[in-house]
Every structure is written in C-alpha cells, then in structure tokens.
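**Student:** Below are the sequence and a predicted model for it; my questions follow.
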Amino acid sequence: MTIYLPIAELSVNIFIILGMGAAVGFLSGMFGVGGGFLITPLLIFYNIPPVVAVATGANQVVASSISGAITHFRRGTLDMKLGSVLLVGGLSGATVGIWIFSLLRAIGQLDLFISLLYVVFLGTVGGLMLWESVNAMRRAARNEAPAPRKPGHQHWVHKLPLKVRFKKSKIYLSVIPIVTLGFSIGILTSVMGVGGGFIMVPAMIYLLRIPTNVVVGTSLFQIIFVTAYTTIVQAATNYSVDIVLAFFLMLAGVIGAQYGVRVGQRLRGEQLRALLGLLVLAVGLRLAVALVVTPEDIYSVVMGAGN
C-alpha cells in the first residue's frame, strides 16, 4: 500500500513508514533520546530529500518524546526545573540553527553538510559511549568498584558561578553549562533534525554529573519543546515539513515509545549505554559508506523553473 507525500513529491510504502516510526519511538522511550539521529538518516536512505527528512524528522521526535516524557513524569523521574533551564538555551540555539539551515540551503551545500555532521557526531559520541559502557561492564564482572574521587575534588563545571539548587536531581549546579548544553542541542535540532538526546544524555551524566535516574525524562522534556518550535519555524520559513509523512511517523512513534520505556527500565545503565553506542555507530557507519560509495545514478537532470 503506497501513499503520496506532497512536499517530498514521491510515493512511499505506508508500512515501511509506520515501521520506521514505531522503531524510533521504541528507541526513544528506551534510551531517552528523541530518535531524530535515527529517523532522519532512515528517511534519507529511503530516498526522502534531506531537506524534508530533517524538518519532518524533527516533527516525529515531538510525538515520541511527549509519550516518553509523560511516562517518566508519572514515575517521578523528570526534573521540571532542570528541564526548563535547558529549554531556555535550546530555544535560543534552535533560532540560530534555523538561520544556518536556511543559509546552507541557499548556497546549495545543505545535503553534504548534514551527512558530514552525522558521520562526525555519531562516530564520536557512539565510540565514546561504547568504550565507557564496556569498561563499566568489565568492572562489574570483576566486582571492581569505580575509582573513588579524591576528597574535596570538584569537576571544573561545579566551580562555575550562578549556581542553582535542583531539588529533584539533588544537585547544586551553575546554570551556565546547562544553558550552553541546551543552546548546542538547539542548533543540532534545527540543522540535523535530531532531538539531541544522543548527545544530551551522556553530557548530563558525565559532564554535569546529574543522576542517571532523572536524565532520561528531563532530556525528553526539553526535546519536546525545542523540536516543536523547530518544526513550526521550519514549516513557516523553508516549507519543508511534509504533514502526511509526519502524521504516520508520529502515530507509530507514540505507540513504540510506550513499550520502549518499559524495556529500558529492565536493563542496567551500562547495558543501555552500550546498546545506544552500538546503534549510533551503526548509523554513522552507514552514512559514511554512502558518502564514499559511487552512486548508481552519477548524473541527474533537474528542470529549471522556466522550462
């Protein structure tokens, strides 16, 4: 069964689209990521134009993130105050990112830039996450405790000014690195069509030292509003959001996220990070191969507006 996508201007198999949405929604709930790092490359692999894939992929992230965030809110694993501070930076970054997106599209370098960004970010983040999680599992297998921190030792992040107490997360932390992280994720959301959870989650755990139990829900909370804002502005400025494609992705994504949350809570933290690291590396490798392999159709003909 096929459906026609008016903005992408092509026909697609509806069951493949529903399968993509469900799979990404499942991973969103399981890992606490928006899933945009996966849905955007999948759409591109399925011959959806990158401009449409980025804008519409961000829209699908909204649905799966809402579903997962609601579940975490009910379980008490969402820090609203921390998420709000992240959101301030996220909305600002998204505004800058949309300007960059429009500029790259105008000069004709958007497709290449998106692919290169994905390869670099996914390869780096996936490799670091996999390395850390494998070491953690090895220590657990040998019953070794992590190296104790020196008394009185503080990470440089914890020495910054403008500190605020986040009672839900039980931390006392400067808002500067939190807003900066949100700003960076906002740029990535609008340029790459990602929720940014694949970077935000490890950054919150390893850099900001936020307890793992609230990281996933708080990440999803911030992702909801930044991706929604990005989708609205992309639709208004670049006319690149395909409503038909977005609807089916959202429908399947909401259902998949509910099951993902349940599975994720049955696995240990290092196991989740290892699985996410492998997934991120696999997607990055697939994109890298696509950049260097000679395409089947070397030449393409595009009709000008005056023809």
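**Tutor:** Sure, I can see it.

**Student:** only C-alpha atoms for contact and neighbour calcs from this point on.
**Tutor:** Will do.

**Student:** count of residues packed around L245?
**Tutor:** Applying other CA atoms under 10 Å, we find 26 residues neighbouring L245.

**Student:** in what helix or strand does it lie?
**Tutor:** Following DSSP states H and E, one finds L245 within helix 243-264.

**Student:** For that helix, list every residue counted as buried.
**Tutor:** By neighbour count on 16 or more other CA atoms under 10 Å, the buried set for helix 243-264 is 245-261, 264.

**Student:** which helices and strands does it pack with?
**Tutor:** Contacts defined by 3 or more CA pairs under 8 Å, 6 or more residues apart in numbering; DSSP states H and E place helix 243-264 against helix 14-31, helix 50-74.

**Student:** Need the single longest helix in this structure, by residues.
**Tutor:** Longest helix in the chain by number of residues (criterion: DSSP state H): helix 110-141.

**Student:** Could you give the average pLDDT over that helix?
**Tutor:** When pLDDT is averaged over helix 110-141, the result is 75.

**Student:** What is that helix packed up against?
**Tutor:** Contact analysis of helix 110-141 by 3+ CA pairs under 8 Å, 6+ apart lists helix 50-74, helix 80-106, helix 175-192, helix 197-202, helix 269-292 as its packing neighbours.

**Student:** Check which element follows it along the chain.
**Tutor:** strand 163-166.

**Student:** where does the protein dip in pLDDT?
**Tutor:** 28-37, 58-61, 63-64, 144-158, 193-198, 238, 264-273, 287, 290-291, 293-307 (pLDDT under 70).

**Student:** and with 50 instead?
**Tutor:** Residue ranges of the chain with pLDDT under 50: 149-153, 299, 301-307.

**Student:** quick one on the thing from earlier: out of the helices and strands packed on helix 243-264, nearest to N143?
**Tutor:** helix 14-31 (25.4 Å; CA to CA).

**Student:** ok and whatever helix or strand comes next after that closest one relative to helix 50-74, angle-wise?
**Tutor:** Elements were assigned by DSSP H and E; along the chain past helix 14-31, the next helix or strand is helix 36-45. For helix 36-45 against helix 50-74, the angle by axes from the mean of the first three to the mean of the last three CA atoms, to 10 degrees is 150 degrees.

**Student:** From the contact counts, what lies against helix 36-45?
**Tutor:** Packing partners of helix 36-45 (3+ CA pairs under 8 Å, 6+ apart): helix 14-31, helix 50-74, helix 269-292.

**Student:** could I get those helices as JSON lines with distance to I185 and mean neighbour count?
**Tutor:** JSON lines is the format used below for these (distance: least, CA to CA, whole Å; neighbours: other CA atoms under 10 Å):
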{"stretch": "helix 14-31", "distance to I185": "16", "mean neighbour count": "24"}
{"stretch": "helix 50-74", "distance to I185": "12", "mean neighbour count": "27"}
{"stretch": "helix 269-292", "distance to I185": "17", "mean neighbour count": "18"}
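
**Student:** Format the ones you listed as a markdown table; extra columns: distance to T95.
**Tutor:** Converted to a markdown table, these look like this (distance: least, CA to CA, whole Å):
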| stretch | distance to T95 |
| --- | --- |
| helix 14-31 | 24 |
| helix 50-74 | 14 |
| helix 269-292 | 26 |
